[in-house]
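K.L.:
The following comprises the amino acid sequence and a computationally predicted model.
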Amino acid sequence: MPELVFFSGTMDCGKSTLALQIEHNRSTRGLQGIIFTRDDRAGEGKLSSRLGLVRDAVEVADGQDLYVYVVDHLSQGGRADYVIADEAQFLAPVQIDQLARVVDDLGLDVYAFGITTDFRSKLFPGSQRLVELADRVEVLQVEALCWCGARATHNARTVGGEMVVEGAQVVVGDVNHSADEIGYEVLCRRHHRRRMTAASARAAALSPDVLPVAST
Ligand SMILES: [Zn+2]
């Protein structure tokens, strides 16, 4: 039976690496997939991993119908044995419904990869719809670690190393940002709640008068 599978996790947990691995495993068996992505760090129309692998993908636009895209591809003689959707948290809920229709009406496996929650620890709408519709949700266990060494389960947005909790849900940044730019960092829940990033922990360690207080 074809399936809609949601591979979820924090940033930095190896989602795109797994997406590329699934793609590689199937293509070496002679299968062909359609790869959708949105706002990948390597630029438009790319699926990339932090380990440096990149391949071409279809950049999804606002309002684009993914079911129609796959049907058009097939009706023009293209081949598709499966579909990969990376950065699926950035897809609209209706586009997740379209991916479910690809599974049900076209009989293709769809593998969606996405971050579950945003920097405020709220579900992305696309990820919420995936949790609602997926045949299976796989939580990726490649462990991203907080600066304290605990398992990182939360995504933080930083500006100049300081964690912020307000702002637009989607601002594309990277973990390899320079100071004062918007960046992202994965934290354990304890340090996400205390808003303690690696930079603020270092600063606190340097000034013993200002011990971090767990007030929240
Ligand atoms: Zn921590």
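P.N.:
Arrived safely, thanks for sending.
K.L.:
if I look at residue 185, how far off is residue 35?
P.N.:
Separation of residue 185 from residue 35 (C-beta to C-beta, to the nearest Å): 27 Å. The way it works is simple: take the backbone N, C-alpha and C, and place the C-beta from them, glycine included.
K.L.:
Neighbour count: these two, which is higher?
P.N.:
Taking neighbours as other C-beta atoms under 10 Å, residue 185 and residue 35 compare with residue 185 leading, 25 against 20.
K.L.:
For that one, grab phi and psi.
P.N.:
phi -150, psi 140 (degrees, to the nearest 10).
K.L.:
Going forward, count from 25.
P.N.:
I'll keep to 25 as the first residue from here, and by that count the last item is residue 209.
K.L.:
That one against residue 222, yeah?
P.N.:
Yes - Residue 209 is in contact with residue 222 according to C-beta atoms under 8 Å; the separation is 6.6 Å.
K.L.:
Can I get stretch 133-141 in PDB? Just the C-alpha atoms.
P.N.:
Extracted in PDB, the C-alpha atoms of stretch 133-141 (Å, rounded to 0.1, in the frame of the first residue of the first chain):
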ATOM      1  CA  ASP A 133       4.500   6.800  -1.900                       C
ATOM      2  CA  VAL A 134       5.100  10.300  -0.500                       C
ATOM      3  CA  TYR A 135       7.900  11.000   1.900                       C
ATOM      4  CA  ALA A 136       7.600  14.300   3.600                       C
ATOM      5  CA  PHE A 137      10.400  15.800   5.700                       C
ATOM      6  CA  GLY A 138       9.900  18.700   8.100                       C
ATOM      7  CA  ILE A 139      10.500  20.500  11.300                       C
ATOM      8  CA  THR A 140       7.600  19.900  13.600                       C
ATOM      9  CA  THR A 141       7.600  23.100  15.600                       C
END
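K.L.:
returning to that earlier point: any residues in contact with both of residue 209 and residue 222?
P.N.:
Residues touching both residue 209 and residue 222 by C-beta atoms under 8 Å, 6 or more residues apart in numbering: residue 171.
K.L.:
Need the three-state assignment for residue 44.
P.N.:
Secondary structure, DSSP: H, G, I helix; E, B strand; the rest coil: residue 44 is helix.
K.L.:
is the ion contacted by the helix or strand bottoming out on mean pLDDT in the chain?
P.N.:
One helix or strand of the chain scores below all others by mean pLDDT, DSSP states H and E: helix 222-230, with a mean of 80. No - on the criterion C-beta under 5 Å from the ion, helix 222-230 is out of touch with the ion, staying 8.4 Å away.
K.L.:
Packing partners of that helix?
P.N.:
strand 186-188 (3 or more C-beta pairs under 8 Å, 6 or more residues apart in numbering; DSSP states H and E).
K.L.:
Buried ones in the strand it packs on, by neighbour count?
P.N.:
residue 187 (16 or more other C-beta atoms under 10 Å).
K.L.:
which helices and strands sit right next to it?
P.N.:
strand 178-183, helix 222-230.
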